[in-house]
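Participant: Have a look; sequence and predicted model below, questions after that.
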Amino acid sequence: MSRRAGGQWALGYREPLNGNERMKRDDDGLNVRERIISKYSKEGFDSIWPDDLRGRFRWWGLYTQRRAGAEGDVEDLEDSHFMLRVRIPGGRLEAGQLRAVGRVAQRYGRDFADVTDRQNVQFHWIRIEDVPAIWEELEAVGLNSAQACGDVPRNVIGCALAGVAADELIDATSYIEEIERRFLLDPQFSNLPRKFKTSVSGCAHHCGQHEINDISFVAVEHGGRVGFDLWVGGGLGPAPRLAQRLGAFVPPERVAEVWGGVCGVFRDYGYRRSRNYARLKFLIGDWGPERFREVLEREYLTAPLEDGPAPAPSPAAQNDHVGVVPQADGRVYVGAAPRAGRTSGSELVRVADLADRFGSGRVRLTTQQKLVVLDVEPDRADALVAALEQMDLQARPSLLRRGTMACTGSEFCKLAVVETKNRADALVRELERRLPDLEEPIRINMNGCPNSCARFQLADIGLLGSRVPGADGERVEGFQVHLGGHLGPDPSFARRVKGVRVASAELEDYLEGLLRRFLETRAEDEPFHAWAARAEDQWLQPQVGALSA
Ligand code: SF4
């Protein structure tokens, strides 16, 4: 056993070993819903018990947001308003659901609505007094915030084009729905060592990013039928790990059983002594895939799994579903890029109206913070593109806009050391102006801290918020630079450019110089990540303006 192991329930460690484990033992996080409805929403913010406020509220998608302009320790940054995350399995929304989400943002959240890279929507500025009414409005259309945060199974992500993609192997929607139906709010999985992320993908393009989820089902053909290849133990954050294949073929009718088995192994054998090692990836790292599969099959499944093949690598350079693209049924979908995931409730209501007018009312959110309107007749696509662009939701964006994501950042997140959403938007606009002819897809992911909610390790250019020396020696907002991350064939995490930390005010200059050097020195058709892997250190240094440290 490694030195970090410990606290595993299966080995008899039932006595809580840290504050989080004690909080979960004292009362199930799911129980806080009743207190929110009957007590806190009536008596106000100051009536909330600390263990509920900073612990169990997450089980219902609630975090306190950062007080505007506040600095200092995390608990000193706490505002009396909340972020509320809506769980949207597979990113699937009907127009009526999207309209309800938009109206909640308008009524209760100062019109903020962020599309996340796990196909959720996040509100900000939510008051505890309004939470029951928000739940009523969401639940009336079949949505909720249950287990959207916390040490529980999180939103199940999937291909935004499930059921319509021209080249999918299987429509995975029903398997996502079965996992949600059987296990959401199930007390047997409401106290896990930490969060547990799931991806189920039936298409060939792998936008479900199976490499970085705790458990993933990836469609494959085997023995004349389509089922799923099983991956476990991926995750980002400060210690990123790529998921590993168990080499097992999961027939469609066993997806939910296998999901329950893997989640059970994690619950019982996952490390609970230290939260830093409580993700499934650390258990897989210590056990290896063979032992994990053996325990899974012996103790948690009704029968062993057959060996199966690996999925083929994705053929697509970009799998963000932006643009006007044919569906299997002859209609097209229209995918549009918001500004680094930031939209508004008003925009979402409008998108719902457009989806009704131009399509069949079906909308999808992608794992790249994008919006997709399905089922559009080809001769009406241009009109929809124009209507979306009136809201700056661009279906034919620059490759820079298309490739940019940002996490929540210091505008609302207490862990952030830099502002991200507005800065990413401004950065893209400035680089579009300086590099108008850039025709290479470049993915820029801006993150406020190492938790990597916007996946800085997987970007061509991953920007990680940091305090850096400013021009006068004072500490100012800036970024570490990580280059060359990518999934797909031979995936790798972005490598940190040693010695380079760029003050926010110098970021445009640094990135313009970097991109120009890439364009000048790349081999023909060489993608950015390949160039970054072989680039000489001097090519990656700031030329003028940016600060080295
Ligand atoms: Fe907050 Fe860090 Fe996640 Fe950004 S990456 S949203 S700063 S926790």
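Facilitator: Thanks, I have the structure now. Residues are numbered from 1 along each chain as shown.
Participant: Could you check how many residues crowd around residue 252?
Facilitator: Residue 252 sits with 18 neighbouring residues when counted by other CB atoms under 10 Å. C-betas here are computed from N, CA, C, even on glycine.
Participant: For it, give me the pLDDT.
Facilitator: As predicted, residue 252 sits at a pLDDT of 97.
Participant: doesn't residue 175 make contact with it?
Facilitator: Yes - between residue 252 and residue 175 there is a contact under CB atoms under 8 Å: 6.4 Å.
Participant: Now do the shared contacts for those two.
Facilitator: Common neighbours of residue 252 and residue 175, counting by CB atoms under 8 Å, 6 or more residues apart in numbering, are residue 228.
Participant: element containing residue 161?
Facilitator: Remark: residue 161 resides in no helix or strand, with elements defined by DSSP states H and E.
Participant: What does it show for phi and psi?
Facilitator: Per-residue torsions, residue 161: phi -100, psi 20 (degrees, to the nearest 10).
Participant: roughly how far apart are it and residue 310?
Facilitator: To residue 310, residue 161 is 22 Å away according to CB to CB, to the nearest Å.
Participant: what does residue 443 give?
Facilitator: For residue 443, the distance to residue 310 - CB to CB - is 24 Å.
Participant: what sits against residue 51?
Facilitator: By CB under 8 Å, 6+ apart, residue 51 lies in contact with 23, 26, 27.
Participant: pull the CA atoms of stretch 341-350 into PDB?
Facilitator: Presented in PDB, the C-alpha positions along stretch 341-350 are these (Å, rounded to 0.1, in the frame of the first residue of the first chain):
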ATOM      1  CA  GLY A 341     -18.800  30.000 -22.100                       C
ATOM      2  CA  ARG A 342     -20.500  33.200 -20.800                       C
ATOM      3  CA  THR A 343     -24.100  33.700 -21.900                       C
ATOM      4  CA  SER A 344     -27.000  35.400 -20.300                       C
ATOM      5  CA  GLY A 345     -30.500  34.300 -19.300                       C
ATOM      6  CA  SER A 346     -31.900  36.600 -22.000                       C
ATOM      7  CA  GLU A 347     -29.800  35.000 -24.600                       C
ATOM      8  CA  LEU A 348     -30.800  31.500 -23.600                       C
ATOM      9  CA  VAL A 349     -34.500  32.400 -23.800                       C
ATOM     10  CA  ARG A 350     -33.800  33.800 -27.200                       C
END
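Participant: ok, and does it reach over to the ligand?
Facilitator: No - Stretch 341-350 stays clear of the ligand (CB under 6 Å from any ligand atom), getting no nearer than 10.7 Å.
Participant: Tell me how far that stretch lies from the chain's centre.
Facilitator: 19 Å (CA atoms, centre = their mean, to the nearest Å).
Participant: so how far is the first residue of stretch 443-458 from its last?
Facilitator: Terminal residues of stretch 443-458 lie 9 Å apart, using CA to CA, to the nearest Å.
Participant: follow-up on the earlier one: who has more neighbours, residue 443 and residue 310?
Facilitator: Neighbours per residue, other CB under 10 Å: of residue 443 and residue 310, the larger number sits with residue 443, 24 against 11.
Participant: Now the phi/psi pair for the closest residue in space to that one that isn't next to it in sequence, please.
Facilitator: Using CB to CB, 6 or more residues apart in numbering and skipping residues adjacent in sequence, the residue nearest residue 443 is residue 403, 4.0 Å away. Phi and psi for residue 403, reported as degrees, to the nearest 10, are phi -90, psi 10.
Participant: which residues touch residue 403?
Facilitator: Contacts for residue 403 (CB under 8 Å, 6+ apart) come out as 320, 441, 442, 443, 444, 460.
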